[in-house]
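>>> Provided below are the primary sequence and the corresponding predicted coordinates.
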Amino acid sequence: MCEICCFQNQGYSSPRADYTTLGAAPASCWRHCPGSSNLADIPSRGLTPIELSAKKLWHRGPDWLWHGEPVDCLAEERCKDRVTWSLLAGDAAVGLKNVMECEKHGSFSRLLAVTAYVVKFVRALKQAIKNHHYIPGGSPNLDPPVLAEAETMWIKESQLQLMKDSHFSTWTKQFDLYRDKDGVWRCGGRLQNANIPQSAKHPIILPRDHHLTALIVDRAHRKVCHNGTKETLTEVRSRF
């Protein structure tokens, strides 16, 4: 065993092993020394001189120095013991509720923000897989189109509950339901010629017992500054 001491700032190199020797020796000459066999770690553990003098490792070194060669690496660092995780993209459709839990969010804006970040991450991951490497960049800010897409995703997810209801066929005729270009169910009716915004002409239908609906109502209630039920319903019905 040799100890390498190089003090380049002082212009001194220990005669026991010059640092230029490292470059001259082939890689096959070097082995990994486990921490349990490294005698240099012994005095750094706060031992008294008496305890240090009783250490066999300190006086003789590791046993493999006398009888064999050291292990190549620690057990936990062996390649065969490493666990590799893979991300697989399947063709099966996965519902948004299986990825995120709407009930764990207390505000509509926070739900959209978290969803938008997940969407941005998934797209960056797909691009990295396609290009076989990750390209850093992109703004961490959430643009309005991404937030709008997140809102559409959750609206469509909540409407799946409506489609499973036994009264959905009756509601389709009663409210003249149709799907827009984004696949969102909207109400038809006689307001298409009215001088009001398009979202108010064909409001989005939502299930009354879904957590998303409660978050939307809560957002409308806060937007009208807690004025009351009438103002809150007016705000909600401007889009839903």
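Looks like it came in fine. All values reported here derive from a predicted model rather than from experimental measurement.
>>> right, and Glu238 touches Pro197 too?
One thing to correct before we go on: residue 238 is Ser, not Glu. Yes - the criterion here is CB atoms under 8 Å, and Ser238 meets it with Pro197 at 7.3 Å. C-beta coordinates here come from the backbone N, C-alpha and C atoms, glycine included.
>>> the two - which one has more neighbours?
Ser238 (13 against 10; other CB atoms under 10 Å).
>>> tell me the secondary structure for the more buried one?
With DSSP: H, G, I helix; E, B strand; the rest coil as the basis, Ser238 sits in coil.
>>> once you drop chain neighbours, what's closest to it?
Closest residue to Ser238 apart from its sequence neighbours, by CB to CB, 6 or more residues apart in numbering: Ala200 at 5.4 Å.
>>> swap in Ser109?
Leaving aside its sequence neighbours, Ser109 sits nearest to Arg219 (CB to CB, 6+ apart; 6.9 Å).
>>> who are the packing partners of the helix or strand the one you found falls within?
Element membership for Arg219, per DSSP states H and E: helix 211-223. Helices and strands touching helix 211-223, by 3 or more CB pairs under 8 Å, 6 or more residues apart in numbering; DSSP states H and E, are helix 108-131, helix 144-163, helix 229-236.
>>> buried ones in the first one?
Taking 16 or more other CB atoms under 10 Å as the basis for neighbour counts, the residues of helix 108-131 that come out buried are Phe108, Leu111, Leu112, Ala113, Thr115, Ala116, Val119, Lys120.
>>> so who does the first one touch?
Phe108 makes contacts with Leu212, Leu215, Ile216, Asp218, Arg219, as judged by CB atoms under 8 Å, 6 or more residues apart in numbering.
>>> next, count neighbours for Met189.
Quick fix: residue 189 reads Gly, not Met. Using other CB under 10 Å, Gly189 has 12 neighbouring residues.
>>> not counting sequence-adjacent ones, nearest residue to it?
Closest to Gly189 by CB to CB, 6+ apart is Asp176, at 5.8 Å.
>>> again with Phe175
Using CB to CB, 6+ apart and skipping the chain neighbours, the partner closest in space to Phe175 is Cys187 (4.5 Å).
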